[in-house]
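[1] Fold the following, please.
(chains A and B)
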Amino acid sequence: MRITIIFGLLAMLLTEGRAQGPPVFTDTPIMLGLAGKGVRTFGHFQSSDALRSYTQVIAIPYNVGTDFQVGGVVRYVSKNPASGESQSGLGDLTIFFKQLLIQKDGAGKTFRALIKATPTIPVGNDNVVPPLGAGVWRGGLGLVAGYITTDFGIYLEVGHVLVEQRADHSTFSAALSVPVLPQKYPPQQINLSLDVFGTVGPERKNDVWLAPGLQWITGKRFLVEAGISLPLTEGDLAEQERTDFAFRAGLRYLFY
Amino acid sequence: MIRNMFAGLILMVAGTTLGAQPSRVVVEVKGLACPFCAYGLEKQFKEVSGVTEIRIDVEQGLLSFTWTAQDPVDKKEIKRLVKKAGFTAGMVTVREADGGMRQGQSIKEKDD
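    Just a heads-up that it's a prediction; the model follows:
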């Protein structure tokens, strides 16, 4: 059933629409509009037999010129284990720096690539069970690329994360995004996206996820989005730790 | 009689100046592939004195606006604002109020 839904959505993505919005789960190399001069927030709910967790994420980017962006990601985490006490509070804090490397613009299309650094500061409490933070510094370095036309958008992201006193791991993500409605400005759009992402590393679960997403863009400055991510594999995790599904819903708002 | 003729002459001269009709400027914007990225483009031009009636056609990749100021259209400034918004400017066309059209050339060819 799950595979049928996924392929059905993929078929819609490949046959429908024209322009696109940024994917729900994969990063975009376009540092403009809602991605660069506003705020993005979403709630992420994840469920397994052993644990249900909810994370409210707020990301605030600031464009320093058109080629360089800095920002921060703040998380409020709530964890509810099947056995034991629930915990909630601030999670780890991530700072990000993005530098545009390539920008090739054509009529109704653009190819852009950027490099990003994402140090994460372990401010979340890791002295409780379950912990709200990782308790270690992490430093991520990634490459984000995208080919976006008025017909579709293809996004790719690869990264490597250095973890204090632990083994490193790598991340990957790819997405296809298309709209359902004809595009116009000011926008009134519904976009569909399909993301595939995961992690690879000796201490990681070598997980791969498939994540269909939906966006509603109403007006010049406001976007609502939601997506469900389904694990295709979670490596060696015990059965009760395996995720049933994860769901995220949020908005992006352009302040200025 | 002489006084009336003098007043008429003044009005004719004033009319020539005040009657300068606004021009419609059309700018080809390369790299414009997502509609909500266009907000930054609109905002850049909205802040320019003399620019009104901004329209953005994402499918055609065109920005157009009415230029109401007395000064001639500054294509270098247009190019700079498009770049500042995160895109690349292509052709700039100015449609004069009398229906004439001028400057279809790429501003890159002209300015660089």
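[2] For residue A:45, see how far away the residue of chain B found nearest chain A is.
    Relative to chain A, the nearest point of chain B is residue B:31 (2.9 Å; C-beta to the nearest C-beta). (Glycine included, C-beta is placed from N, CA and C.) As for residue B:31, its distance to residue A:45 is 36 Å (criterion: C-beta to C-beta, to the nearest Å).
[3] Then residue A:249?
    For residue A:249 relative to residue A:45 (C-beta to C-beta), the value is 8 Å.
[4] need the strands for chain A, in chain order.
    Taking DSSP state E, the strands of chain A run over residues A:38-48, A:51-63, A:68-81, A:87-90, A:93-106, A:109-121, A:138-149, A:153-163, A:169-179, A:188-200, A:207-218, A:222-234, A:243-254.
[5] anything in stretch B:39-47 near chain A?
    Yes: judged by C-beta under 8 Å from any C-beta of the partner chain, stretch B:39-47 comes into contact with chain A at B:39-40, B:42-43.
[6] With chain B as the reference, name the closest of the strands of chain A.
    strand A:93-106 (2.9 Å).
[7] which other helices and strands contact that closest one?
    strand A:68-81, strand A:109-121 (3 or more C-beta pairs under 8 Å, 6 or more residues apart in numbering or on different chains; DSSP states H and E).
[8] Stretch B:26-39: end-to-end distance?
    17 Å (C-alpha to C-alpha, to the nearest Å).
[9] Tell me the buried residues in it?
    B:26-39 (16 or more other C-beta atoms under 10 Å in any protein chain shown).
[10] Check stretch A:220-228 too.
    By 16+ other C-beta under 10 Å, the buried positions in stretch A:220-228 come out as A:220-223, A:225-228.
[11] backbone phi and psi for the nearest residue to residue B:22 once chain neighbours are set aside, please?
    Leaving aside its sequence neighbours, residue B:22 sits nearest to residue B:68 (C-beta to C-beta, 6 or more residues apart in numbering or on different chains; 4.4 Å). When read as degrees, to the nearest 10, the backbone of residue B:68 gives phi -100, psi -10.
[12] Make TSV from the strands of chain A and add distance to residue B:53 and mean pLDDT to it.
    Below are the strands of chain A laid out as TSV (distance: least, C-beta to C-beta, whole Å; pLDDT from 0 to 100):
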stretch	distance to residue B:53	mean pLDDT
strand A:38-48	25	93
strand A:51-63	27	94
strand A:68-81	31	96
strand A:87-90	47	98
strand A:93-106	25	97
strand A:109-121	26	97
strand A:138-149	28	97
strand A:153-163	30	96
strand A:169-179	26	95
strand A:188-200	21	93
strand A:207-218	23	94
strand A:222-234	23	93
strand A:243-254	22	92
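[13] circling back: redo the helices and strands packed on strand A:93-106 as a markdown table? Include mean neighbour count and distance to residue A:159.
    Compiled in a markdown table, the helices and strands packed on strand A:93-106 are given as follows (neighbours: other C-beta atoms under 10 Å in any protein chain shown; distance: least, C-beta to C-beta, whole Å):
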| stretch | mean neighbour count | distance to residue A:159 |
| --- | --- | --- |
| strand A:68-81 | 18 | 14 |
| strand A:109-121 | 19 | 8 |
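[14] Which one of those lies nearest to residue B:94?
    strand A:109-121 (25.8 Å; C-beta to C-beta).
[15] Run through chain B and note the low-pLDDT ranges.
    Applying pLDDT under 70 to chain B picks out residues B:1-20, B:97-112.
[16] mind listing the strands for chain B?
    Using DSSP E, strands in chain B cover B:23-30, B:51-57, B:62-67, B:88-95, B:101-102.
[17] still on that earlier bit, pick out whichever of the buried residues of stretch B:26-39 sits closest to residue A:157.
    Checking the buried residues of stretch B:26-39 against residue A:157 with C-beta to C-beta, the nearest one is residue B:34 at 17.2 Å.
[18] quick one, what contacts the residue nearest to residue B:22?
    Going by C-beta atoms under 8 Å, 6 or more residues apart in numbering or on different chains, residue B:68 touches B:22, B:50-52.
[19] Just put the strands of chain B in TSV and tack on distance to residue A:201.
    Below are those laid out as TSV (distance: least, C-beta to C-beta, whole Å):
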stretch	distance to residue A:201
strand B:23-30	40
strand B:51-57	44
strand B:62-67	46
strand B:88-95	39
strand B:101-102	61
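[20] Can you name the residues of chain B that neighbour chain A?
    Close to chain A, as judged by C-beta under 8 Å from any C-beta, chain B has residues B:28, B:30-40, B:42-43, B:56-61, B:83-88, B:90.
[21] just to revisit the earlier point, keep the buried residues of stretch A:220-228, but drop any that are not near chain B.
    Residues shared between these and the neighbourhood of chain B are A:220-221, A:223 [C-beta under 8 Å from any C-beta].
[22] I figured residue A:226 hits residue A:25, correct?
    No: taking contacts as C-beta atoms under 8 Å, residue A:226 lies outside contact range of residue A:25: 11.1 Å.
[23] any common contacting residues for the two?
    By C-beta under 8 Å, 6+ apart, residue A:226 and residue A:25 have these common neighbours: A:213, A:248.
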